[in-house]
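1. show me the folded form of this:
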Amino acid sequence: MNLSEKPPIAPVGPVLYSNSRLLDPASGRDERGGCLVEDGMIVALGPDVTVASAPSNTNVLDCDGHCLLPGLIDMCATIGEPGAAHRETLVSIGNAAAASGITTIICTPDTDPVVDDIALVQYIQQRAELLSAVRVQPMAAITKGLNGEHMSELGLLAEAGAVAFTDAARAVTDATVMRRALSYASAKGLLIVQHAEEPSLALEGCMNEGELSTRLGLKGIPAAAEVIMIERDIRLVELTGGRYHVAQISTAAAIDAVRRAKARSLPITAGAAPHHFALNETAVGEYRTFAKTSPPLRTEDDRLAVVEGISDGTIDVIVSAHMPQGVESKRLPFAQAAPGIAGLETMLPLALELTHNGHIPLLDLLRTMTARPAELLGLPGGRLVKDAPADLVLLDLDAPWQVDASRFRAKSKNTPYDGRPVQGRVLRTVVAGVTVFDAQAHAEAAE
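-> Residues are numbered from 1 along each chain as shown. Sure thing, here's the model as predicted:
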């Protein structure tokens, strides 16, 4: 049995992570010290938490000066279950997340059947608890069947455990339906997540509209399709007061629209995927389907605008936008190929490029993947503080390595980053005090 498939064993007694660089993006903590964990919770941390101060039955792990931070929260990932287990399973997605420092996955509702009723929310939660190495929390559909017509029972779904509401890769185009959803969300404190794309403008488009799409003979999706939908929804937020989140923002104009809305204190937030700040439309190259995404890869100016948006806080969260696809759906002509990137195992190292290249301080970057998504979704994790869940990542911030898709733990390997040199490697991932990934043990088992 592969090490990553073995059920994790809870430690007996407290565990001390000593000699670590403690990073808590929520409070700004960045100091040397120790972190004491017991019964799945952080019970003490700081420079005074040492081997000498720990109980006699404590298991000690010397972190060798590496970074200890809250487990990452991925606010947008697609799972294959139910309905598409050939693309990804709860086991494979959990193993991939654990190896990537992600301790909580927020999954989209575009499964088969769609997550638009209580039974499906509960099914995913129960299956994940049994099968996944990490926590999995579902988003539910805004509209029944993702058809954009009839609003789901948002309140009941929230009571069942849905943490937010989205129609996944489909925009809610009917303004009346979106207004009703935002009004209801406002009354209940729920979060509405929109795929911001005006579908009539994007119809049959398969990459960013511009000179490159014309040269390749591919129908393009104009940048205006994104900002038009966002600007409409901003007006609906003004009418309703509902909390609104752009799932993946990709254009300079849309980022400017969100920036202006935030300046007026509207409850609007946004996320960005690594491919929109690590790549631009030229990655499509000679019809490379692994670079086909939704929203599409944009211009270099748009890419730089995403970097700036993350740096100045206009973009609140970085998400993996994990969209697993099988070989058969990618080895097609570009226009017919399915969009999506297997993003779990590259989210953190690609994000760290922003810090290594001087665009954003480390704590500010980590906040986009820890404290901020926890705040938006009302989750207890995302912080390295006493009495918080012991969801932890031990990170070698400077370790160089090369992306190798063949070694992905995810079932699908559809990545445009194969062979890319990156910096920053997860050494250990802990969920509720239990180690679910140990890089050294995994390497030894693989030999």
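2. what pLDDT does Glu5 get?
-> Listed pLDDT for Glu5 reads 49.
3. can you offset everything so residue one is 12?
-> Sure, I'll start counting at 12 from here, so that last one is Glu16.
4. hang on, isn't Val62 packed against Tyr28?
-> No: applying Cβ atoms under 8 Å, one finds Val62 not in contact with Tyr28, separated by 11.1 Å. (C-beta placed from N, C-alpha, C; glycine too.)
5. hey, what's in contact with both of those two?
-> Counting by Cβ atoms under 8 Å, 6 or more residues apart in numbering, the contacts common to Val62 and Tyr28 are Gly45.
6. spatially nearest residue to Ala348 (excluding sequence neighbours)?
-> Thr300 (3.9 Å; Cβ to Cβ, 6 or more residues apart in numbering).
7. element containing the residue sitting furthest away from the middle of the chain?
-> Using Cα atoms, centre = their mean, the residue of the chain lying farthest from its centre is Ser67. It sits 38.9 Å away. For Ser67, there is no helix or strand it lies in under DSSP states H and E.
8. likewise for Gly282?
-> Counting by DSSP H and E, Gly282 is part of strand 279-283.
9. also Ile104?
-> With DSSP H and E as the test, Ile104 turns up in helix 101-110.
10. then Ala65?
-> Here Ala65 is assigned to no helix or strand, by DSSP H and E.
11. got phi/psi on the closest residue to it other than its chain neighbours?
-> Distances taken as Cβ to Cβ, 6+ apart place Leu27 nearest to Ala65, at 4.8 Å, with adjacent residues excluded. With angles defined as degrees, to the nearest 10, Leu27 sits at phi -110, psi 120.
12. what's the answer for Asn368, then?
-> phi -90, psi 10.
13. tell me, how many residues neighbour it?
-> Asn368 has 10 neighbours, counted by other Cβ atoms under 10 Å.
14. got it, and the one 5 residues further on?
-> Leu373: 18 surrounding residues under other Cβ under 10 Å.
15. how about it: what's its closest non-neighbour residue?
-> Closest to Leu373 by Cβ to Cβ, 6+ apart is Thr366, at 4.9 Å.
16. just say helix, strand or coil for the one you found.
-> helix (DSSP: H, G, I helix; E, B strand; the rest coil).
17. Ala294 now?
-> helix.
18. quick one: it from Asp323, how far?
-> 25 Å (Cβ to Cβ, to the nearest Å).
19. any idea which element Glu319 lies in?
-> Applying DSSP H and E, one finds Glu319 within helix 311-323.
20. pull the residues that contact the next helix or strand after that helix.
-> Remark: after helix 311-323, the chain's next helix or strand is strand 328-329, criterion DSSP H and E. For strand 328-329, contacts defined as Cβ under 8 Å, 6+ apart pick out 86, 280-285, 321, 358, 362, 376, 379-380, 383-384, 387.
21. out of those, which is most surrounded?
-> Busiest of those [other Cβ under 10 Å] is Met86, holding 31 neighbours.
22. just want the angle from the host helix or strand of that one to strand 279-283.
-> Following DSSP H and E, one finds Met86 within strand 83-88. Put simply, strand 83-88 runs at 90 degrees to strand 279-283, going by axes from the mean of the first three to the mean of the last three Cα atoms, to 10 degrees.
23. ok, and what's touching strand 83-88?
-> Contacts of strand 83-88 (Cβ under 8 Å, 6+ apart): 104, 108, 111-119, 204, 258-259, 282, 284, 328, 330-333, 354-355, 358-359, 380-381, 384-385, 387-388, 390, 392-393, 404.
24. from those residues, which land in strands?
-> 113-118, 204, 282, 328, 404 (DSSP state E).
25. quick check: the two most widely separated of those residues?
-> Val204 and Val404 (24.7 Å; Cβ to Cβ).
26. count the residues that sit near Val404.
-> Around Val404 there are 28 residues (other Cβ under 10 Å).
27. contacts only, for it.
-> 78-83, 112, 114, 437, 439-441.
28. now do 6 Å
-> 80, 82, 112, 440 (Cβ atoms under 6 Å, 6 or more residues apart in numbering).
29. same check on Gly393?
-> Contacts of Gly393 by Cβ under 6 Å, 6+ apart are 81, 84, 381-382, 385.
30. how confident was the prediction at it?
-> 97.
31. in space, what's closest to it - neighbours in sequence excluded?
-> Ala385 (3.0 Å).
32. so the one you found touches Arg394, yeah?
-> No: the criterion here is Cβ atoms under 6 Å, and Ala385 misses it with Arg394 at 7.1 Å.
33. separation between Val188 and Ile153?
-> With Cβ to Cβ as the criterion, Val188 and Ile153 are 8 Å apart.
34. repeat for Lys341
-> From Lys341 to Ile153 the distance is 28 Å (Cβ to Cβ).
35. which element is Ser31 on?
-> With DSSP H and E as criterion, Ser31 is part of strand 26-35.
36. and the helix or strand just after that strand, what does it pack onto?
-> With elements assigned by DSSP H and E, the helix or strand that comes after strand 26-35 is strand 40-49. Using 3 or more Cβ pairs under 6 Å, 6 or more residues apart in numbering; DSSP states H and E, the elements in contact with strand 40-49 are strand 26-35, strand 52-57.
37. need the winner for burial among the ones you listed.
-> Of all the helices and strands packed on strand 40-49, strand 26-35 carries the top mean neighbour count, a mean of 22, counting by mean count of other Cβ atoms under 10 Å.
38. what are the pairing partners of that one, and which direction each?
-> Counting by DSSP bridges, the strands paired with strand 26-35 are strand 40-49 (antiparallel), strand 70-73 (parallel), strand 78-81 (parallel).
39. what sits up against the second one?
-> Where contact means Cβ under 6 Å, 6+ apart, the residues beyond strand 70-73 that reach it are 22, 26-30, 62.
40. rewinding a little: can you check what angle separates the strand holding Ser31 from strand 52-57?
-> Using the same axes, to 10 degrees: strand 26-35 against strand 52-57 is 70 degrees.
41. what residue ranges in the chain score low on pLDDT?
-> Within the chain, the stretches with pLDDT under 70 are 12-21, 455-458.
42. domain map for it?
-> 14-80+399-457, 82-388 (automatic domain parsing).
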